[in-house]
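A.B. asks: build me a structure from this.
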Amino acid sequence: MLIRATLRILGDDLDPDLATAEIGVAPTGRHRTGDPMPGFPMHRRPTGSWGLDSDLPETASLQEHVARLLDRVDGKQAAIGQLVAPGCAAELYCSCFVAPRGGPWRWRRTTSPGSRRSGSP
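C.D. replies: Take a look at the predicted model:
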């Protein structure tokens, strides 16, 4: 199982540079509302974001990831609260990826004889 955790501050008017200065911790990810999305230049970011990953290996437990994030922002609660107050939101984003025993997922396209439709209603 692979686990990740990120503290995110999100808001349409969020200035990630100001967030970094206020919190005093360099983010692991950041962008402004309207920034282009990597690999999709025609698409724009719908909202601003400042994110801080736990920096632990993905094999660490969720509890370890959350504890690490809280340690990284210890003493920064007032600064985070000031950023959230004018219309931003703070969230703890956690993800868990589970692979079957024996390795990563392997996708195969299979078709059983009864799975095809004849085209008639």
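A.B. asks: same question for the longest helix seen in the chain, mean pLDDT?
C.D. replies: Taking DSSP state H as the criterion, the chain has its longest helix at helix 62-72. With pLDDT averaged residue by residue, helix 62-72 scores 95.
A.B. asks: next secondary structure after that helix?
C.D. replies: Elements were assigned by DSSP states H and E; along the chain past helix 62-72, the next helix or strand is helix 77-84.
A.B. asks: ok now the helix or strand harbouring residue 17, how far from the chain's centre?
C.D. replies: Element membership for residue 17 (DSSP H and E) is helix 16-23. Taking CA atoms, centre = their mean, to the nearest Å, the mean C-alpha location of helix 16-23 is offset from the chain mean by 18 Å.
A.B. asks: going forward, the N-terminal residue is numbered 28.
C.D. replies: From this message on, residue numbering opens at 28, which makes the last subject helix 43-50.
A.B. asks: and it with helix 89-99, angle?
C.D. replies: Put simply, helix 43-50 runs at 80 degrees to helix 89-99, going by axes from the mean of the first three to the mean of the last three CA atoms, to 10 degrees.
A.B. asks: okay, buried residues for the helix or strand just after helix 43-50 please.
C.D. replies: Using DSSP H and E, the next helix or strand after helix 43-50 towards the C-terminus is strand 56-58. For strand 56-58, burial by neighbour count (16 or more other CB atoms under 10 Å) applies to 57-58. All C-beta spots, glycine's among them, are computed from the backbone N, C-alpha and C.
A.B. asks: low-confidence ranges, the protein, go.
C.D. replies: The model of the chain has pLDDT under 70 over residues 126-148.
A.B. asks: could you redo the last one with a cut-off of 80?
C.D. replies: Low-confidence regions of the chain, defined here as pLDDT under 80, cover residues 28, 112-113, 125-148.
A.B. asks: in stretch 44-53, what counts as buried?
C.D. replies: Taking 16+ other CB under 10 Å as the neighbour-count basis, stretch 44-53 is seen to contain the buried residues 46, 49-50.
A.B. asks: actually stretch 83-99, not the one I typed
C.D. replies: With burial defined by 16+ other CB under 10 Å, the residues of stretch 83-99 counted as buried are 83, 87, 92-93, 95-96.
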